[in-house]
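1. I'd like to go over a predicted model; first the sequence, then the structure.
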Amino acid sequence: MSLKAKIEAVIYAAEEPVTLAQIASLFQAELLEERTARLSVEAAPQEEAAREEPATETEVLLPEDAPANDVPESPESAEDAEKRAAEDEKRAARQRDREVRDEARRVISGLIAEYNEGDRGMEIREIAGGYRVATKPEYHDAVRAFVKSLKPPMKLSLQALETLAVIAYKQPVTAPEVSEIRGVDSGGVLGSLVSRKLITTAGRKQVIGRPILYKTTKEFLLRFGLKDLNELPSIEEFEKMAGELAETEDAVPESDLPFEGAPQPEESAVVEAAVSSESDAEADAESAEAGGE
């Protein structure tokens, strides 16, 4: 079994995204061996070309032409030699770790390219600081139909999705700030999101009353298939999507919590909820009165 196949199997079998450090630690010896073999193959043509080049004359310094060294070298003490040896060993270990990580990254990049080029329903994505096998966004409809058939279904209410969107874009943010943006009290929804581990506390804001700050969690990144918060759509993108939503739908239904690996449509849902809550607080209040928090 090739090293690439082993790494692929580990990424597929892991429940959590596998980090580059984990892969480097698990396959350190094999990664170094593969790197050495690859460099040898790459260096072979250069060595062959060097052998074919004609030898050039080298200048030989006669003893009288050699530079004089007037300062004699002082003998190195045993303690200094030991320190230098320890530093050299640490330097070599750091260099070895860098080489292992670089080779691991190269192998994973090759796997990602193979998945993207082939006609597959899955891909390897960098999510929450690691790598995971996930379904491709273009197959979202098929995956969504499967998720909706599960019992019990994985759902977030419109109110919860709106609150989550506000926190994702404004974090760290307090409960009063979330309620002000949404136009309704969000205390009960915050508790639901905390219990689902989609948000967590982030200390207290240094103002009167010291209210609790909230932020999204790693579970949020996992559920929505995001590498980090920088992958959230921009303001311009979600304004455009909100306009399209208003033209095509008279009412926004409850949104399903996304299946892992089908992120893009669900990212749109988060953004649409955020825009809806900020641009039409009165509609939000009517929805809260009808459905309740």
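-> Sure, I can see it. The structure displayed is predicted, hence computed values, not measured ones.

2. Helices of this structure, residue ranges please.
-> 3-13, 20-26, 28-52, 78-117, 140-148, 158-170, 175-182, 187-195, 218-224, 235-248, 263-279, 281-291 (DSSP state H).

3. So which of those is nearest G209?
-> Each of those has some distance to G209 by C-beta to C-beta; the shortest is helix 175-182, at 9.0 Å. Glycine gets a C-beta too; all of them are placed from N, C-alpha and C.

4. could you say what helices and strands that closest one packs with?
-> helix 158-170, helix 187-195, strand 212-216, helix 263-279 (3 or more C-beta pairs under 8 Å, 6 or more residues apart in numbering; DSSP states H and E).

5. buried stuff in stretch 25-34?
-> Buried residues in stretch 25-34, counted by 16 or more other C-beta atoms under 10 Å: 27-28, 30-31, 34.

6. now, among those, which is nearest to A13?
-> So of these, ranked by how close each gets to A13 (C-beta to C-beta), first place is F27, at 14.4 Å.

7. doesn't A9 make contact with the closest one?
-> No. Judged on C-beta atoms under 8 Å, F27 makes no contact with A9 at a distance of 11.4 Å.

8. Just put the buried residues of stretch 25-34 in JSON lines and tack on pLDDT and distance to K170.
-> Formatted as JSON lines, the buried residues of stretch 25-34 follow (pLDDT from 0 to 100; distance: C-beta to C-beta, whole Å):
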{"residue": "F27", "pLDDT": "90", "distance to K170": "41"}
{"residue": "Q28", "pLDDT": "89", "distance to K170": "42"}
{"residue": "E30", "pLDDT": "89", "distance to K170": "45"}
{"residue": "L31", "pLDDT": "90", "distance to K170": "42"}
{"residue": "E34", "pLDDT": "87", "distance to K170": "46"}
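
9. rewinding a little: out of the helices of the chain, deepest packed?
-> Greatest average neighbour count among the helices of the chain goes to helix 158-170 (a mean of 24), per mean count of other C-beta atoms under 10 Å.

10. Could you tell me the angle between it and helix 175-182?
-> If you take axes from the mean of the first three to the mean of the last three C-alpha atoms, to 10 degrees, helix 158-170 sits at 110 degrees to helix 175-182.

11. Low-confidence stretches in the stretch 51-200 of the chain?
-> Segments of the stretch 51-200 of the chain classed as low confidence (criterion: pLDDT under 70) are 52-76, 150-155.

12. picking up where we left off before, reformat the buried residues of stretch 25-34 as CSV; add distance to P45.
-> Shown next, in CSV, are the buried residues of stretch 25-34 (distance: C-beta to C-beta, whole Å):
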residue, distance to P45
F27, 28
Q28, 29
E30, 25
L31, 24
E34, 19
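
13. Spatially, which two of the residues you listed are the most separated?
-> Between any two of the buried residues of stretch 25-34, the greatest separation by C-beta to C-beta is 11.0 Å, found for Q28 and E34.

14. Could you list the domains of the protein?
-> The chain breaks down into these domains under automatic domain parsing: 1-48+95-135, 140-291.
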